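Trainee: After the sequence you'll find the predicted model.
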Amino acid sequence: MSESQPLVRVENLSVRFSVTVNGKKRHIIPVDAVSFEIGLGEVLALVGESGSGKTTIGRTLVRVIEPVSGRIEVNGRDVTHIRGRDLAAHQKTVQMVFQDPFGSLNPVRTVEHHLALPLRLRERSNQPVRDRVDRLLERVGLTPVAETRVKFPHELSGGQRQRVAIARALAVRPQFLVADEPISMLDVSVRAGILTLMNQLKADFNLSYLYITHDLASARYFGDRIMVMYGGRVVEVAPSPELIRQPIHPYTRLLLAATPGNGPREPVAIAENQGPNLLQGRLGCPFRDRCNIATGVCQEVAPRFEAVDSAHSVACHHGS
């Protein structure tokens, strides 16, 4: 990451939801005291199973979800609890690309409508809107533009719809994109093309990304650093090559063992997802019930997030 001020800084971020358990109202903590930074032009890949808190973090960064505590800074400005015009300005800087490219597009509106709307609402320019729509379509590889702009979402392939969603996010000229599983619902044959496009846009516009995925293979390809989450907590962070070469946390090792091309590493944790305890007031390490090296301290005390070296940190009582 750049030594200059990071574009995004998150400190001790926590999110809480209310649920009913056995007829009683309880609180769950899907994001629990999470801290990280993302530099200018950097991709931080956020990896974990469903329910780990990845999407909640992404939606909190774009301010769709309100945190209960912690701090979010973008460009050095506190955006944790902004409202009104400040929120509208923030959402020009930070945009989100969703997992389901069809569900994120209005099925009764054309491609041109989806791209023209943010241009009219948030971008002032003397250039005609249609010309700017066409430039966006060209930029994401949707040509011929005259044919594409009049199509409806159902007339496009999954990969084409995701390119429209990316173009819509780019319409307001953001600095930072939260990409939430952007390739998981696409055919394997088109996934590489979307990642290649996102990588090219990063270079062309100096974009930063939070790339949310359950797939370590794509995280390794696209991410400059990888941050692994389990049970609402960060368990390991390292530069992508180092994390793949030398994973420390048992959960990271489990994910890597399940990634094609990587053999199992000892000790390997229990693969079955029993579901972490997210209830407020939980004790110990969230991964303790699936970990083959857990001891008594893991049951009672949450491990501290500590540096292994200057770029690699882990939260594990037995990490080294």
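Mentor: The structure has been received and is ready for your questions.
Trainee: Strands along the stretch 101-250 of the chain, start to end?
Mentor: Using DSSP state E, counting those that start in this stretch, the strands of the stretch 101-250 of the chain run over 176-180, 208-213, 225-230, 233-239.
Trainee: Would you mind writing the CA trace of the second one as CSV?
Mentor: Extracted as CSV, the C-alpha positions of strand 208-213 are listed here (Å, rounded to 0.1, in the frame of the first residue of the first chain):
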residue,chain,number,x,y,z
SER,A,208,-9.3,1.7,-5.7
TYR,A,209,-11.4,-1.4,-5.1
LEU,A,210,-12.7,-3.4,-2.2
TYR,A,211,-13.1,-6.7,-4.1
ILE,A,212,-15.5,-9.0,-2.1
THR,A,213,-15.3,-12.7,-2.9
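Trainee: Does anything pack onto that strand? Which helices or strands?
Mentor: strand 24-38, strand 43-47, helix 54-61, strand 176-180, helix 188-205, helix 216-222 (3 or more Cβ pairs under 8 Å, 6 or more residues apart in numbering; DSSP states H and E). All C-beta atoms are positioned from the backbone trio N, CA, C, and that covers glycine.
Trainee: Quick one: the ones you listed as TSV, columns for mean pLDDT and mean neighbour count too.
Mentor: Putting the helices and strands packed on strand 208-213 into TSV (pLDDT from 0 to 100; neighbours: other Cβ atoms under 10 Å) gives the following:
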stretch	mean pLDDT	mean neighbour count
strand 24-38	93	18
strand 43-47	98	25
helix 54-61	96	23
strand 176-180	97	25
helix 188-205	95	15
helix 216-222	94	21
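Trainee: Can I get the strands of the stretch 101-250 of the chain in CSV including distance to residue 26?
Mentor: Converted to CSV, the strands of the stretch 101-250 of the chain look like this (distance: least, Cβ to Cβ, whole Å):
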stretch, distance to residue 26
strand 176-180, 26
strand 208-213, 26
strand 225-230, 20
strand 233-239, 19
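Trainee: what's the closest of those to residue 249?
Mentor: strand 233-239 (4.3 Å; Cβ to Cβ).
Trainee: Would you mind getting the angle between the closest one and strand 225-230?
Mentor: Going by axes from the mean of the first three to the mean of the last three Cα atoms, to 10 degrees, strand 233-239 is angled at 160 degrees with respect to strand 225-230.
Trainee: In its sheet, which strands sit next to strand 233-239, and in what direction?
Mentor: Under the criterion DSSP bridges, strand 233-239 sits next to strand 225-230 (antiparallel), strand 313-315 (antiparallel) in its sheet.
Trainee: on that earlier part again, and the helices and strands packed on strand 208-213: which comes nearest residue 119?
Mentor: Using Cβ to Cβ, the nearest of the helices and strands packed on strand 208-213 to residue 119 is helix 188-205, at 16.2 Å.
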